[in-house]
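# sequence? don't have it. structure:
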């Protein structure tokens, strides 16, 4: 399978704990996006990278959230001191990059439940 | 923040019927309007997309109609099948290629 992969698929944690998610984009895709989707809602943009550079962050991305893409390949999203409101599906998407309007290919998501 | 208003929230259609989902957006000029399909437990997958220089695009049983002056676009699913039962999201592309999604429409196709 050469699609976008995410790990883990499910994560249950207690409030106050830190969690880290990983996204592996499609090979050679330059742009990588993180979205958050709560139940019954559409995905909301969090941040995106072009290669290793983080080009934009949403106001949704509080200082408890940090994302990295150190070598321009896989990316990690870390949430520190989790809160119950962080419970959501975290989606990663990638595109080849540079050209506007290109299809974003989404991974299966990581579903986070904060108890 | 740019909003996309999607309606209806849910839709029940008989097999063979037509499903119609509408989206309206505000302000600024956007140049890419995709529709995504999402099944439970899966990430969204691109279904069909349109640019504003055309008023309609058809791919198989799926058609997008676009009204630039009204800032509205819609998805028509012809000959709806039970396998089309899913949640559909419209989206608009903002700068940097990030997508702003509508709230989603849950479609149920009854056999």
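It's in. Not measured: the values here are computed from a predicted model.
# Quick one: neighbours of the residue nearest to residue B:67 when sequence neighbours are not counted, just the number.
Computed as C-beta to C-beta, 6 or more residues apart in numbering or on different chains, the closest residue to residue B:67 that is not its neighbour in sequence is residue B:73, at 6.9 Å. C-betas here are computed from N, CA, C, even on glycine. Other residues near residue B:73 come to 25 when the count uses other C-beta atoms under 10 Å in any protein chain shown.
# Flag the shaky bits of chain B, pLDDT-wise.
Within chain B, the set of residues satisfying pLDDT under 70 comprises B:1-2, B:27-29, B:95-96.
# Write out the residues of it neighbouring chain A.
When proximity is defined as C-beta under 8 Å from any C-beta of the partner chain, chain B approaches chain A at B:4, B:6, B:31-32, B:34, B:36, B:41-46, B:49, B:51, B:89, B:91, B:93, B:96-104.
# Tell me the buried residues in the lowest-mean-pLDDT helix or strand in chain A?
Every helix and strand of chain A was ranked by mean pLDDT, DSSP states H and E. The lowest is strand A:53-57, at a mean of 92. Of the residues in strand A:53-57, A:54, A:56-57 count as buried by neighbour count, 16 or more other C-beta atoms under 10 Å in any protein chain shown.
# And stretch A:83-96, by the same measure?
For stretch A:83-96, by 16+ other C-beta under 10 Å, it's A:86-95.
# chain center to that stretch, what's the gap?
Mean-position distance between stretch A:83-96 and its chain equals 5 Å (C-alpha atoms, centre = their mean, to the nearest Å).
# so what strands line up beside whichever helix or strand comes after the least confident helix or strand of chain A?
Using DSSP states H and E, the next helix or strand after strand A:53-57 towards the C-terminus is strand A:65-68. Strand pairing for strand A:65-68, determined by DSSP bridges: strand A:75-79 (antiparallel).
# How about residues contacting the next helix or strand after the partner strand?
Using DSSP H and E, the helix or strand that directly follows strand A:75-79 along the chain is strand A:88-95. For strand A:88-95, the surrounding residues in contact (C-beta atoms under 8 Å, 6 or more residues apart in numbering or on different chains) are A:4, A:6, A:21, A:23, A:25-26, A:29-39, A:43, A:75, A:77, A:102-107, A:109-112, B:43-44, B:97.
# for the helix or strand just after strand A:88-95, packing partners?
The helix or strand immediately downstream of strand A:88-95 is strand A:105-106, counting by DSSP H and E. When contacts are defined as 3 or more C-beta pairs under 8 Å, 6 or more residues apart in numbering or on different chains; DSSP states H and E, strand A:105-106 packs onto strand A:88-95.
# In JSON lines, list the buried residues of strand A:53-57 along with distance to residue B:78.
Formatted as JSON lines, those follow (distance: C-beta to C-beta, whole Å):
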{"residue": "A:54", "distance to residue B:78": "42"}
{"residue": "A:56", "distance to residue B:78": "38"}
{"residue": "A:57", "distance to residue B:78": "41"}
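# Show me which of those is closest to chain B.
Closest to chain B out of the buried residues of strand A:53-57 is residue A:56 (5.4 Å), distances taken as C-beta to the nearest C-beta.
# Can you tell me, leaving aside adjacent residues, what's nearest to the most centrally placed residue in chain A?
A centroid search over chain A (C-alpha atoms, centre = their mean) returns residue A:34, at 3.3 Å, as the residue closest to the centre. Nearest non-adjacent residue to residue A:34, counting by C-beta to C-beta, 6+ apart: residue A:46, 4.3 Å away.
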